[in-house]
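**Student:** Sequence and predicted structure, then a few things I'm wondering about:
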Amino acid sequence: MNEHVSLPAADDAATRSNSRKVFIKTYGCQMNVYDSTRMGDALASDGYVTTEDMGEADLILLNTCHIREKAADKVYSALGRLRDMKKARQAQGKELMIGVAGCVAQAEGEEILRRSPAVDVVIGPQTYHRLPDALKQARSGTRVVDTEYAVEDKFEHLPATSKAQIRSRGVTAFLTVQEGCDKFCTFCVVPYTRGSEVSRPVSQIIDEAKRLVDAGVREVTLLGQNVNAWAGEGPDGRNWSLGDLLYKLADIPGLARLRYTTSHPRDMDDKLIEAHRDLRALMPYLHLPVQAGSDRILKAMNRRHTGAEYLRLIERIRAARPDIAMSGDFIVGFPGETDQDFEDTLKIVEEVNYASAFSFKYSTRPGTPGADLTDQVPEEVKTERLERLQALLLKQQADFATSCVGKTIDLLLEKPGRMPGQVIGRSPWLQSVNVDAKTSQIGEIIRVRIIGTGPNSLFAEPAESLMGS
């Protein structure tokens with residue numbers, strides 16, 4: 001996934017006109033989206049307000065992702081364009097500061113300053129809470145690289161978020177509970193850019209969840225690179241797993257919906273499966289990547305599970321929550337992948353029957369064990385396999401959407417739709433749903449009946465209007 005997220009701009013016009021403005025471009029995963037939001041919070045204490053107009057920004061931050069191929073090259077290309085913008089500003093006697101944050105910043109560090117003289121600050125994903133101090137140093141003439149971290153330090157110093165800031169972001173929110181990964185899949189850079197697995201303390205998570213709900217949030221998604229590896233000491237003195245945490249969060253009055261992402265099959269324990277069975281607030285949707293169907297390729301990826309083990313896990317989850325929708329991640333063309341290995345991936349997709357999924361061609365990530373493998377799959381073979389896989393996944397997604405037609409569901413209304421009198425919400429299975437409703441109802445959960453499907457969304461009518469007709 002590669003997206004641009006601009007943080008909501010401040011509402012007060014006087015504040016905006018007298019403040020520095022920051023434009024944040026976000027690449028990558030939901031964790032990066034969360035981090036961009038919290039960077040905006042940290043900068044608010046330094047007098048910045050966010051803007052969606054890059055042209056009016058005094059500070060431009062690129063919050064980068066290192067998962068996909070040539071991620072660093074894309075960052076340097078963007079920095080070249082920003083260099084020209086900075087020169088034009090300087091010619092007008094105006095300031096423009098440029099910062100690089102996130103996983104490319106962590107991986108490249110000093111190299112970014114060497115190759116891009118226009119950059120003032122390079123800051124890693126675990127150190128963004130120190131961004132205001134780094135900017136102060138940069139304004140004094142010292143270019144800054146801050147990528148040395150302990151993740152616990154980040155959790156201890158997360159910037160405070162005001163009720164007004166939370167409300168401006170809507171009725172759903174991300175909440176980071178875990179950072180880093182210890183699994184060391186051979187294709188993945190996360191352990192090197194995000195560090196080892198560290199869990200956020202229970203008290204911090206519960207406190208932030210309560211603040212979010214107090215500000216009007218109805219749905220919280222728990223985030224982590226390997227979120228179901230979360231563990232901590234509970235208030236009862238026991239060692240808690242993610243399942244225990246979800247039970248506790250579900251007791252918060254006003255918190256109507258819970259989700260979590262991203263998971264690893266090896267950390268899907270009994271307590272977490274029981275939570276899916278017992279908690280009405282925990283939505284029947286699970287993103288559980290398998291990556292490949294061939295045991296030989298799974299071993300080469302260091303996934304430490306087999307295809308059969310994954311399928312047995314899916315069976316247990318569905319036995320606990322029969323209406324659950326499954327989502328996954330797939331990589332095609334991993335070094336050494338044969339035609340039969342790829343057919344094994346198609347078989348696992350057919351057996352699971354995914355409601356949604358993400359699929360990619362394998363790309364070499366410098367510094368990972370996979371980069372040293374010699375049996376690379378030709379690009380044209382990867383392309384052909386990806387097209388076949390995506391055709392199957394898209395059919396399954398469309399079939400799942402069609403199966404929803406006629407169902408009556410609870411819909412959380414989130415934002416105005418494109419058409420007057422229309423509001424967009426999300427189904428329990430994370431689908432976008434269009435329904436006729438008032439914008440004053442945003443934040444409510446209403447009963448609707450699904451009446452149709454679109455390319456990327458569903459259409460519904462309020463159940464009450466159908467009963468009255």
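**Tutor:** Cool, the structure landed.
**Student:** switch to C-alpha atoms for all contacts and neighbour counts from now on
**Tutor:** Will do.
**Student:** Tell me which other helices or strands the helix or strand containing L313 touches.
**Tutor:** Taking DSSP states H and E as the definition, one finds L313 inside helix 307-320. In this structure, helix 307-320 packs against helix 270-278, helix 339-352, with contacts taken as 3 or more CA pairs under 8 Å, 6 or more residues apart in numbering; DSSP states H and E.
**Student:** Any idea how far it is from the middle of the chain?
**Tutor:** On the basis of CA atoms, centre = their mean, to the nearest Å, helix 307-320 sits 24 Å off its chain's mean C-alpha point.
**Student:** can you tell me the helix or strand for L222?
**Tutor:** Counting by DSSP H and E, the element that carries L222 is strand 219-223.
**Student:** Return the list of strands paired to that strand, each annotated with direction.
**Tutor:** Using DSSP bridges, strand 219-223 pairs in its sheet with strand 172-176 (parallel), strand 257-261 (parallel).
**Student:** Heading C-terminal from it, find the next helix or strand.
**Tutor:** Scanning forward in sequence from strand 219-223 by DSSP H and E, the next helix or strand is strand 231-233.
**Student:** what's that next one in contact with?
**Tutor:** Contacts with strand 231-233, where a contact means CA atoms under 8 Å, 6 or more residues apart in numbering, come from 199-202, 239-242.
**Student:** Report the buried residues of it.
**Tutor:** With burial defined by 16 or more other CA atoms under 10 Å, the residues of strand 231-233 counted as buried are 231-232.
**Student:** helix or strand right after that strand?
**Tutor:** With DSSP H and E, the next secondary element past strand 231-233 is strand 239-241.
**Student:** distance between that following strand and the chain's centre?
**Tutor:** How far strand 239-241 lies from its chain's middle: 24 Å, per CA atoms, centre = their mean.
**Student:** likewise stretch 349-368?
**Tutor:** Using CA atoms, centre = their mean, the distance between the centre of stretch 349-368 and that of its chain works out at 16 Å.
**Student:** go on, stretch 59-77?
**Tutor:** How far stretch 59-77 lies from its chain's middle: 16 Å, per CA atoms, centre = their mean.
**Student:** give me the element P191 is part of.
**Tutor:** helix 190-193.
**Student:** mind checking how far that helix is from the chain centre?
**Tutor:** The gap between the average C-alpha position of helix 190-193 and the chain average comes to 16 Å, counting by CA atoms, centre = their mean.
**Student:** Quickly run through the sheet partners of the helix or strand immediately after it in the chain, with directions.
**Tutor:** From helix 190-193 onward toward the C-terminus, using DSSP H and E, the following helix or strand is strand 198-199. Based on DSSP bridges, the strands next to strand 198-199 in the sheet, each with its direction, are strand 178-179 (antiparallel).
**Student:** any idea of the mean pLDDT in the helix holding P191?
**Tutor:** Averaging pLDDT along helix 190-193 yields 83.
**Student:** got it, and stretch 319-336?
**Tutor:** On average, the pLDDT along stretch 319-336 is 97.
**Student:** do stretch 218-226 as well
**Tutor:** According to the model, stretch 218-226 has a mean pLDDT of 95.
**Student:** Need the residues that contact that stretch.
**Tutor:** Taking CA under 8 Å, 6+ apart as the rule, stretch 218-226 contacts 30-31, 171-181, 190, 197, 209, 254-264, 443.
**Student:** Then stretch 332-342?
**Tutor:** Residues from elsewhere that reach stretch 332-342 (CA under 8 Å, 6+ apart): 292-294, 296-297, 359-362, 370, 373-377, 381-382, 385-386.
**Student:** Among the residues you listed, name the buried ones.
**Tutor:** Of the members of these, the ones counted as buried by neighbours, 16+ other CA under 10 Å, are 292-294, 297, 359-362, 370, 376-377, 382, 385-386.
**Student:** from the residues you listed, which has minimum pLDDT?
**Tutor:** In terms of pLDDT, the lowest of these is G370, showing 85.
**Student:** Identify the residues contacting V177.
**Tutor:** Shown here is V177, whose contacts under the criterion CA under 8 Å, 6+ apart are 199-201, 205, 222-224, 227, 230.
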